[in-house]
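Peer 1: Compute the structure for the input listed below.
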Amino acid sequence: MARIRLLPMLIRTLAVSAGVVAATLAVCPSAATAAPVDYASLPVDPNVVTDSTAYRADPPVQDPDGKPGIEVVYNHRDGTRAITDIILVLPDEQAATVALDVSRGDVLADIPGASSRPIAVGQNGTLITGRATNGQDASVLIFTQGPAVAAVRFNGAAGDPVPLDLVTDYGKQQDTNILAALGT
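Peer 2: Down below sits the predicted model:
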């Protein structure tokens with residue numbers, strides 16, 4: 001399963017927070033010329049969470065679509081499940097929160113009739129579940145941690161949703177990785 005519609009949703013959120021980014025760059029112009037950062041340590045390998053070797057990673061995309069962060073798609077060996085993990089690192093917590101709010105609306109539009117609820121992962125953790133427009137069951141976990149916004153999408157066959165404990169465990173490990181890497 002290739003890049004699913006999650007990245008465009010997050011990328012659009014950056015346009016909403018562009019004013020925050022522009023203000024940050026105006027106050028701190030050196031931020032615009034900083035050396036690229038390697039975010040390879042941020043994504044969680046689902047095999048660590050599931051204690052298996054069922055998932056295989058596609059090559060990571062550093063700074064997807066030119067945005068600071070990383071994207072990795074993990075495909076289950078039987079081809080029925082995929083996990084797309086996207087972490088974008090924005091200038092500050094406010095920009096991350098704005099990005100999360102816009103992402104929540106975009107995800108709800110992609111999963112008609114979805115349910116949305118808070119989840120104890122990171123800051124502002126939200127879990128959205130339902131049947132996506134592509135016919136698959138989807139669970140999308142979005143949360144912030146400091147200046148980072150994470151969106152993790154779990155796709156599976158219709159009628160076979162991802163277990164809640166996997167979403168929660170994966171999300172908590174993702175939050176831990178962000179905290180360790182960014183020191184937020």
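Peer 1: Return the residues in contact with residue 69.
Peer 2: By CB atoms under 8 Å, 6 or more residues apart in numbering, residue 69 lies in contact with 39, 42, 63, 86, 87, 88, 89, 148. Every residue, glycine included, has its C-beta placed from N, CA and C.
Peer 1: next helix or strand past the lowest-mean-pLDDT helix or strand in the chain?
Peer 2: Scoring the helices and strands of the chain by mean pLDDT, DSSP states H and E places helix 18-27 at the bottom, with a mean of 36. Using DSSP states H and E, the next helix or strand after helix 18-27 towards the C-terminus is helix 46-50.
Peer 1: Quick one: list the elements packing against that next one.
Peer 2: Helices and strands touching helix 46-50, by 3 or more CB pairs under 8 Å, 6 or more residues apart in numbering; DSSP states H and E, are helix 164-182.
Peer 1: roughly how far is the helix it packs on from the heart of the chain?
Peer 2: 11 Å (CA atoms, centre = their mean, to the nearest Å).
Peer 1: same deal with stretch 56-63?
Peer 2: With CA atoms, centre = their mean, you get 13 Å for stretch 56-63.
Peer 1: Report pLDDT for the nearest residue to residue 181 once chain neighbours are set aside.
Peer 2: What sits nearest to residue 181 in space, not counting adjacent residues and going by CB to CB, 6 or more residues apart in numbering, is residue 41, at 5.1 Å. Predicted confidence (pLDDT) at residue 41: the value is 90.
Peer 1: Please report how far the residue most central in space within the chain lies from residue 174.
Peer 2: Geometric centre of the chain, nearest residue: residue 151, 1.8 Å, by CA atoms, centre = their mean. From residue 151 over to residue 174 the distance is 10 Å, taken as CB to CB, to the nearest Å.
Peer 1: and for the two, which residues touch both?
Peer 2: Joint contacts of residue 151 and residue 174 (CB under 8 Å, 6+ apart) are residue 85.
Peer 1: The strand or helix carrying residue 109: what's the following helix or strand?
Peer 2: Using DSSP H and E, residue 109 sits within helix 93-110. On the C-terminal side of helix 93-110, the closest following helix or strand by DSSP H and E is strand 115-118.
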